[in-house]
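Engineer: Fold the following for me, if possible:
(2 chains)
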There are 2 protein chains.
Amino acid sequence: MARLFKKVAIVGIGLIGGSLGMAIRQRGIASRVIGISRTKKTINKAKKAGAIDDGFCDFKPLSDCELIILCSPVNIIINTLSKIKPFIAPGTIITDVGSTKSEIVKSAGMILPKGADFIGAHPLAGSEKSGIDNANGGLFEKSLCVLTPLKTNSKKNIRRLESFWLALGSRVSFLTPSAHDKITSFTSHLPHLIAFNLLESIPAVDLRYAASGLRDATRIAASDPLVWADIFISNRAAILKSAGKFQTHFDKFLKLLKSGDSKRIIQVIKKAKFKRDTFLNKVNE
Amino acid sequence: MARLFKKVAIVGIGLIGGSLGMAIRQRGIASRVIGISRTKKTINKAKKAGAIDDGFCDFKPLSDCELIILCSPVNIIINTLSKIKPFIAPGTIITDVGSTKSEIVKSAGMILPKGADFIGAHPLAGSEKSGIDNANGGLFEKSLCVLTPLKTNSKKNIRRLESFWLALGSRVSFLTPSAHDKITSFTSHLPHLIAFNLLESIPAVDLRYAASGLRDATRIAASDPLVWADIFISNRAAILKSAGKFQTHFDKFLKLLKSGDSKRIIQVIKKAKFKRDTFLNKVNE
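Structural biologist: A predicted model of the protein is given here:
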C-alpha cells in the first residue's frame, strides 16, 4: 500500500478514531499517526491497541501534520475547531467523521483560517458500541465513505482524501453537505429516533417476552445517548421532515388496519419487503 | 430423551412446522411424525429434510394421532379447524404455533368437538425467512414458548404439552390468550408495523447509503407479507393501542427536538438504552 501522508493526527480516539488509527497503521498509509485525547488513559489504551504511534492531551503537535481527522461527536467537533485553529499550518488538510455535515462544514468555513482546507467526511461504518476498547482496524473495509467537499476546496486535496479512504478499503461517494444530511436523516437518524421511542413505548415488564426480532430492531438503541442527542439536534430540520413522512405513512397504515383492509395492508408490506430484499442485501457494512 | 407421544401430526410444514418435525425426530420425542400439506412437493422436501416420517395431502390420517400441531399462518389455522374436525378422535391434544392467541383459541372452542382438547401455544422463535427450506431442528433451543391454556383444558394435557416444549429445549411460560396478545402487540407486532412503515418512508434511491443500522432495524421487514397482514388483522385491537402509545411518545420526542431540548432528549435516549442493555441481553433467541 502506498504511503499517502507523512504525519496524520486523529483528534478524539474513540471507536471511530481508534479504528481509523489502527487501519492507517496496519495498511501503512502514513509514516506516523498521532492521537489527541482529553485523557492520558485513552492515549495509553490507544497506544497499547496499536491505534497511534504517540498521543497528546494538547493541540500543539498538530502544527506539522499533513492530515488532521476530527473524530469526536458532532458538537465536540464544532467546539474543537476554534481550539485547533492556532496550530494549523497552511496547506493542512482537515477532515472529520461526523454523522451530520451541514453544520460542521459551515462552522469549519467560518472558524478555520484561510489556508486550511476542511473537507467533510462521513464513513457509514460504526456500531452501537463506543470507545477505544471496541475499535478495530477492519471497521471501514467494504463500507461507504461519503465526502462532502465544497467548490472552494482544493481539487488536489479532495483527490488525496478520496485516495485515503480508498486505501482504507472503503468505497467513496460525493454529496453536498445538505444532500448528505437529507439522505442520512432517512437512512440513519430516523431509524435511531424510532428505535429509542419504540423502547420507550414498550412496558419494561413485557421485555422478558422479547425475541430476536425486537433485539435486532433495537440494536441501534444501545448507541451512546450524548452522541445521538447531538446528531438529532445538529440535523433537526431534515429529521423533522423525514419523521413527519414516517408519521404520515404510519398513520395511514393504522387507518387500513382499523378498517380491516387486508388487501392494501398486504400491498404496503410487500412493497416494504421488496425494498428490504432488493437494496439491503448489498448494504454497507 | 423420553418418548412423550406415539404419533404426532404437523399440519402445515413451513419454517416452524418443518423445524418442529426435525426437532421432535432428532430428540426422539415421538414414535412417529406425520406431516399434512396442501402440496406433494412440500411433503417430499420435508421427508428429505428429515422433518417427517410420512406426509399426506388430506386430514384422514389425523384420526389416530395423540398430538396435532397446527403450524400454518393465523387465518389458515382458523380455517383448518373446521376441516380437521371430522377426523379428531376423543382425547386428542390439539395445539398450534400461531402468533396471536385470542382469535385462535376462541375459534377452536367454537369449532372443535367436545372431546378435543385445544391448548394454544406460541413459540417465540422464528426468522424473517419462511418455508421448509429454511427449517432447522435447533430453532426452539433456549427460546421461550408461551402456552395459553383455558380453565376448561385438561390439567394433565397442559402438563403433557409443557413437557413436550421442555423436551424441545424451550423454556415455557403461561399467559391468558389476551395477555399474550397484549404483550406481543408491543414486543413483536409493533416492531414489525414500524419496520414496514419505516421502509415505506425512505426514498428508494437513498437506500444505497444505508448501513448496518438500518439493515438490522429492518430485518423483520423481510418477513412474509401474507403472514404478517394476517397477524395484524387478527390482533388489531391490541396493536392499535400499542401503536397509539408509540405515536404519543414519538410525537412528544419530535416536540423536544423542535424546541432543541437536548437535556430531555438525552434523558429519553438514556432510558431507552438502559432498557435495551438490561433486558435484551437475555433475549429469547
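
Engineer: What segments of the stretch 151-285 of chain A are strands?
Structural biologist: Here the stretch 151-285 of chain A has its strands, by DSSP state E, counting those that start in this stretch, at A:171-174.

Engineer: low-scoring pLDDT stretches of it, where are they?
Structural biologist: A:280-285 (pLDDT under 70).

Engineer: ok, how many other residues are close to residue A:167?
Structural biologist: 20 (other C-beta atoms under 10 Å in any protein chain shown). From N, CA and C alone the C-beta is placed, and that goes for glycine too.

Engineer: what's the answer for the one 10 residues further on, then?
Structural biologist: Here the neighbour count serves as a burial measure; for residue A:177 (other C-beta under 10 Å) it reads 20.

Engineer: Look up the pLDDT of the spatially closest residue to it that is not a sequence neighbour for me, please.
Structural biologist: Spatial nearest neighbour of residue A:177, chain neighbours left out: residue A:101 (3.9 Å); criterion: C-beta to C-beta, 6 or more residues apart in numbering or on different chains. Here the pLDDT value assigned to residue A:101 is 98.

Engineer: tell me the contacts of residue A:101?
Structural biologist: Applying C-beta atoms under 8 Å, 6 or more residues apart in numbering or on different chains to residue A:101 gives the contacts A:120, A:122, A:146, A:148, A:177-178, A:180-181.

Engineer: Then residue A:134?
Structural biologist: A:15, A:127.

Engineer: how close does it sit to residue A:224?
Structural biologist: Computed with C-beta to C-beta, to the nearest Å, the distance linking residue A:134 and residue A:224 is 11 Å.

Engineer: Out of the contacts of residue A:101, which comes closest to chain B?
Structural biologist: Relative to chain B, the closest of the contacts of residue A:101 is residue A:146; by C-beta to the nearest C-beta it sits at 7.1 Å.

Engineer: you'd agree that closest one is up against residue A:175?
Structural biologist: Yes. Counting by C-beta atoms under 8 Å, residue A:146 touches residue A:175, with 5.4 Å between them.

Engineer: what's the burial count for whatever residue of the stretch 1-150 of chain A ends up closest to chain B?
Structural biologist: At 4.2 Å from chain B, residue A:124 is the closest residue in the stretch 1-150 of chain A, using C-beta to the nearest C-beta. Neighbour count of residue A:124, defined by other C-beta under 10 Å: 25.

Engineer: list the contacts for it?
Structural biologist: A:143-146, A:188, A:284, B:209, B:211.

Engineer: Also residue A:125?
Structural biologist: So residue A:125 contacts A:16, A:19, A:139-140, A:143, A:145, A:170, A:284-285, B:211-212 (C-beta under 8 Å, 6+ apart).

Engineer: So which bits of the stretch 1-150 of chain A are right by chain B?
Structural biologist: Residues of the stretch 1-150 of chain A lying near chain B by C-beta under 8 Å from any C-beta of the partner chain: A:124-128, A:143-144, A:146.

Engineer: Go ahead and list the helix or strand containing residue A:95.
Structural biologist: strand A:93-96 (DSSP states H and E).

Engineer: Just the CA coordinates for the very next helix or strand once past that strand, please, in PDB.
Structural biologist: Counting by DSSP H and E, the next helix or strand C-terminal to strand A:93-96 is helix A:102-111. As requested, the backbone C-alpha atoms of helix A:102-111 are provided in PDB (Å, rounded to 0.1, in the frame of the first residue of the first chain):
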ATOM      1  CA  SER A 102     -24.100  20.900   7.000                       C
ATOM      2  CA  GLU A 103     -23.400  22.300  10.500                       C
ATOM      3  CA  ILE A 104     -19.900  21.100  10.700                       C
ATOM      4  CA  VAL A 105     -18.800  22.200   7.200                       C
ATOM      5  CA  LYS A 106     -20.400  25.600   7.800                       C
ATOM      6  CA  SER A 107     -18.700  26.000  11.100                       C
ATOM      7  CA  ALA A 108     -15.300  25.000   9.700                       C
ATOM      8  CA  GLY A 109     -15.700  27.600   6.900                       C
ATOM      9  CA  MET A 110     -16.300  30.300   9.500                       C
ATOM     10  CA  ILE A 111     -13.800  29.300  12.100                       C
END
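
Engineer: related to what we said a few turns ago, residue A:178 versus the residue nearest to residue A:177, what's the distance?
Structural biologist: Counting by C-beta to C-beta - residue A:101 and residue A:178 are separated by 8 Å.

Engineer: what about the helices in the stretch 101-250 of chain A?
Structural biologist: Ranges of helices in the stretch 101-250 of chain A, per DSSP state H, counting those that start in this stretch, are A:102-111, A:155-167, A:177-184, A:190-201, A:212-217, A:225-234, A:236-258.

Engineer: Next, the angle from the first one to helix A:177-184.
Structural biologist: For helix A:102-111 against helix A:177-184, the angle between stretch directions is 160 degrees (axes from the mean of the first three to the mean of the last three C-alpha atoms, to 10 degrees).

Engineer: Which elements pack onto helix A:102-111?
Structural biologist: helix A:74-84, strand A:117-123, helix A:177-184 (3 or more C-beta pairs under 8 Å, 6 or more residues apart in numbering or on different chains; DSSP states H and E).

Engineer: how about that helix: buried residues?
Structural biologist: Residues of helix A:102-111 classed as buried: A:102-105, A:107-108, A:111 (neighbour count, 16 or more other C-beta atoms under 10 Å in any protein chain shown).

Engineer: want to throw those into JSON lines with distance to residue B:24?
Structural biologist: Shown next, in JSON lines, are the buried residues of helix A:102-111 (distance: C-beta to C-beta, whole Å):
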{"residue": "A:102", "distance to residue B:24": "58"}
{"residue": "A:103", "distance to residue B:24": "59"}
{"residue": "A:104", "distance to residue B:24": "58"}
{"residue": "A:105", "distance to residue B:24": "61"}
{"residue": "A:107", "distance to residue B:24": "63"}
{"residue": "A:108", "distance to residue B:24": "64"}
{"residue": "A:111", "distance to residue B:24": "68"}
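
Engineer: quick one: which two of the residues you listed are the most distant?
Structural biologist: By the measure C-beta to C-beta, those have their two most distant members at A:102 and A:111, which lie 14.8 Å apart.

Engineer: and the residue positioned nearest the centre of chain A, what does it touch?
Structural biologist: Among the residues of chain A, the one closest to the centroid is residue A:99, at 3.8 Å (C-alpha atoms, centre = their mean). For residue A:99, the contact set (C-beta under 8 Å, 6+ apart) comprises A:74, A:122, A:184, A:188-189, A:227, A:231, A:235.

Engineer: same question, residue A:223
Structural biologist: So residue A:223 contacts A:128, A:130, A:192, B:273 (C-beta under 8 Å, 6+ apart).

Engineer: Considering these, which is situated nearest to residue A:160?
Structural biologist: residue A:130 (28.8 Å).

Engineer: Could you give the number of residues near the closest one?
Structural biologist: Residues near residue A:130, counting by other C-beta under 10 Å, number 18.
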